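Peer 1: the sequence and its predicted three-dimensional model are supplied below.
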Amino acid sequence: MDQKIKVYFGIGGFALLAVVAFSVASYAHTYSRSIEPSAFRSFTVSGEGKMVTIPDVAKFSFTVLTQGGINLAELQKENTGKANDAIAFVKSKEVKEKDIATQSYNVTPRYQHFDCRPSPQGGSVSCPPPEIVGYEVSQTVNVKIRNFNVIGDLLTGVVENGANSVSQLSFTIDDPTSVENEARNQAIEKARAKAKSIAKAGDFRLGRLLAIQEDGGFPPYARVQSLSAKAFNEAALAPTIEPGSQDVRVAVTLTYEIR
């Protein structure tokens, strides 16, 4: 009787160990799939979405550059007066203060360097250090324009009111989030449809979405070449500026599990 009991216990223990081993193996398999899901049984597809949009904001910069002698305070006062006149003109065209920002303000000394080459007779030459003979003061201001009807007037008007150069005219979307979202949705739908078509053609089932990567987004600004104050002064009329349209593209890559 004792021998039979020992046999039963042995069989039961063996069965219990088998169940435990199977459970551990199953858990390990499931865990491995969760941390590296079907890397050897997956495929990728790509899709691109495009939205054609018209810019609603223009941006440009103007610079006031003043050169003079060693009286720096007087030079700064002159430069500030010109910059303030240009900014006041911009505001007169209904550009809000939040859309006007000083990008940089620089004070740079101008030096006189001496020719200290040795004389033909030879001998040492005592060369004095460079001397400051004047200063250069510059201020650059960024402007954001929401009313495109005044762009031409602004570009010429800031020069007439003290600016020396106008540069970095560009067009963009003030808030591109909604446009990018629409382009992204298009890209994902195209990639998803492609994945279903591939799965059908390859005679396999489409599994879980394992990964998604995005590339692209809002395009670079549409830029216009910088123009100097001389070029504006020589122009008879304010330039005609057309913003045109821009393509917003978003590309996505989806990785799916193969079942």
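Peer 2: The structure has been received and is ready for your questions. Numbers count the residues shown, from 1 in each chain.
Peer 1: and the pLDDT at Asp153?
Peer 2: Listed pLDDT for Asp153 reads 93.
Peer 1: report the separation between Tyr135 and Ala73.
Peer 2: According to CB to CB, to the nearest Å, Tyr135 and Ala73 sit 10 Å apart. All C-beta spots, glycine's among them, are computed from the backbone N, C-alpha and C.
Peer 1: same check on Asn161?
Peer 2: Distance from Asn161 to Ala73, by CB to CB: 23 Å.
Peer 1: which one of those two has more residues nearby?
Peer 2: Between Asn161 and Ala73, counted using other CB atoms under 10 Å, the more crowded position is Asn161 (19 against 8).
Peer 1: quick check, pLDDT for that one.
Peer 2: pLDDT, read off for Asn161, is 94.
Peer 1: can we start the residue count at 379 from this point?
Peer 2: Fine by me, first position is 379 from now on; the one you just mentioned is Asn539.
Peer 1: and it, what does it touch?
Peer 2: Shown in contact with Asn539 (CB atoms under 8 Å, 6 or more residues apart in numbering): Lys460, Asp463, Ala464, Ala466, Phe467.
Peer 1: ramachandran coordinates for it?
Peer 2: Phi and psi for Asn539, reported as degrees, to the nearest 10, are phi -110, psi 20.
Peer 1: for the chain, just list every one of the helices.
Peer 2: For the chain, applying DSSP state H gives helices covering 380-413, 450-470, 529-538, 555-579, 607-612.
Peer 1: are any of the contacts of Asn539 buried, and if so which?
Peer 2: Neighbour counting by 16 or more other CB atoms under 10 Å classes Lys460, Asp463, Ala464, Phe467 among the contacts of Asn539 as buried.
Peer 1: what's near enough to touch the third one?
Peer 2: Taking CB under 8 Å, 6+ apart, we find Ala464 in contact with Phe440, Val442, Val519, Val536, Asn539, Gly540, Ala541.
Peer 1: also Glu426?
Peer 2: Gln564, Ala565, Lys568, Gly594, Arg627, Val628, Ala629, Val630.
Peer 1: can we see that at 6 Å?
Peer 2: Ala565, Ala629 (CB atoms under 6 Å, 6 or more residues apart in numbering).
Peer 1: got the contact list for the longest strand seen in the chain?
Peer 2: Longest strand of the chain, by residue count under DSSP state E: strand 509-523. Under the criterion CB under 6 Å, 6+ apart, residues 435-448, 450, 453-454, 457, 461, 468, 477-488, 490, 529 lie in contact with strand 509-523.
Peer 1: check the residues you listed for burial and list the buried ones.
Peer 2: Here, 16+ other CB under 10 Å leaves 435-444, 446, 453-454, 457, 461, 468, 529 buried among those.
Peer 1: okay, and for the stretch 379-528 of the chain, where does confidence drop off?
Peer 2: 379-418, 496-503 (pLDDT under 70).
Peer 1: about what we covered before: a markdown table for the contacts of Asn539, including distance to Ile590?
Peer 2: Listed next are these as a markdown table, based on distance: CB to CB, whole Å:
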| residue | distance to Ile590 |
| --- | --- |
| Lys460 | 53 |
| Asp463 | 53 |
| Ala464 | 48 |
| Ala466 | 51 |
| Phe467 | 49 |
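Peer 1: related to what we said a few turns ago, the contacts of strand 509-523 in strands, which ones?
Peer 2: Short answer: the contacts of strand 509-523 in strands (DSSP E) are 435-446, 478-488, 490.
Peer 1: now do the contacts for Asp553.
Peer 2: Counting by CB under 6 Å, 6+ apart, there are no residues that Asp553 touches.
Peer 1: pLDDT value on it, please?
Peer 2: Asp553 carries a pLDDT score of 85 in this model.
Peer 1: any idea how far it is from Glu472?
Peer 2: On the measure of CB to CB, Asp553 and Glu472 end up 20 Å apart.
Peer 1: ok, Glu558 next?
Peer 2: Distance from Glu558 to Glu472, by CB to CB: 29 Å.
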